[in-house]
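# dropping the sequence and predicted coords here.
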Amino acid sequence: LLQKSKAKPNGKKPAAEEKKMYLEPEYAKSRITDVGFKELVVLPREIDLNEWLASNTTTFFHHVNLQYSTISEFCTGEACQTMAVCNTQYYWYDERGKKVKCTAPQYVDFVMSSVQKLVTDEDVFPTKYGREFPSSFESLVKKICKYLFHVLAHIYWSHFKETLALELHGHLNTLYVHFILFAREFNLLDPKDTAVMDDLTEGGAGSLGRGQRGVGTELQGEGEAEPLARAGPLLVVSSLAWEMCEQGCCSTLP
């Protein structure tokens, strides 16, 4: 279900006026919680590795989907004619290996539709006792994480101004930090694939540690996990869904 996607330089230099607002300290260090994510991502004792990967991957998918939905009305085929991050353009390849020319919203739709099919497939993400994970499970999780990273990177690069206007930059930063630390803990992302956001990952994000709470938002029910199809881990980020919806900043997820 998940097809290949390739990143290629688009030959264009980053717009001079862009100046990467997401790197400005007052925005980059904004968080909705001061929790230590480095400890949160570690595999708990007596928890199966694949179950931990499945639970977290499913939850990250829902939250990246939700985060994107807050700016989806601005991510149009006209405004985002390519799925680009900095000077890198992402291409989608169909099941026949044919390159598909698509806009950013089309690319995101391909990603979300493909991942949705995987995480709801009992043969891939089993939820019933006694069902085994497929031998290719880890490689599938890595592909999912790569595509979710593309979506997060696009939000930062092309829609951070809108995210800032909605006062959801603290939510975005919290999700990004948690996601990157989880991926690093289990080697789920190739450093070459994430290089386009190294400036944020290594610098602006405050060395992926603690930050400042976002302006205008408070975390409700810290430590409560959002109910999912499978028993989810302790994910502080999960409460951002309720905050976003209460602010009226998101559309209903499919």
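Cool, got the structure.
# which non-adjacent residue is nearest residue 82?
Once its chain neighbours are removed from consideration, residue 82 has its nearest residue in residue 89; the separation is 5.1 Å (CB to CB, 6 or more residues apart in numbering). C-beta coordinates here come from the backbone N, C-alpha and C atoms, glycine included.
# hang on, that neighbour packs against residue 80?
No: between residue 89 and residue 80 there is no contact under CB atoms under 8 Å: 11.1 Å.
# which neighbours do the two share?
Counting by CB atoms under 8 Å, 6 or more residues apart in numbering, residue 89 and residue 80 have no shared contacts at all.
# how about the strands in the stretch 1-150 of the chain?
5-9, 30-31, 83-85, 88-93, 99-100 (DSSP state E, counting those that start in this stretch).
# would you mind writing the CA trace of the fourth one as PDB?
Provided in PDB are the C-alpha atoms of strand 88-93 (Å, rounded to 0.1, in the frame of the first residue of the first chain):
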ATOM      1  CA  THR A  88      13.800  19.500  -1.900                       C
ATOM      2  CA  GLN A  89      10.800  18.200  -3.700                       C
ATOM      3  CA  TYR A  90       9.100  14.900  -2.900                       C
ATOM      4  CA  TYR A  91       7.600  12.600  -5.600                       C
ATOM      5  CA  TRP A  92       5.100   9.900  -5.100                       C
ATOM      6  CA  TYR A  93       5.400   6.600  -7.100                       C
END
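# against which helices or strands is it packed?
Under the contact criterion of 3 or more CB pairs under 8 Å, 6 or more residues apart in numbering; DSSP states H and E, the helices and strands touching strand 88-93 comprise strand 5-9, strand 83-85, strand 99-100, helix 104-119.
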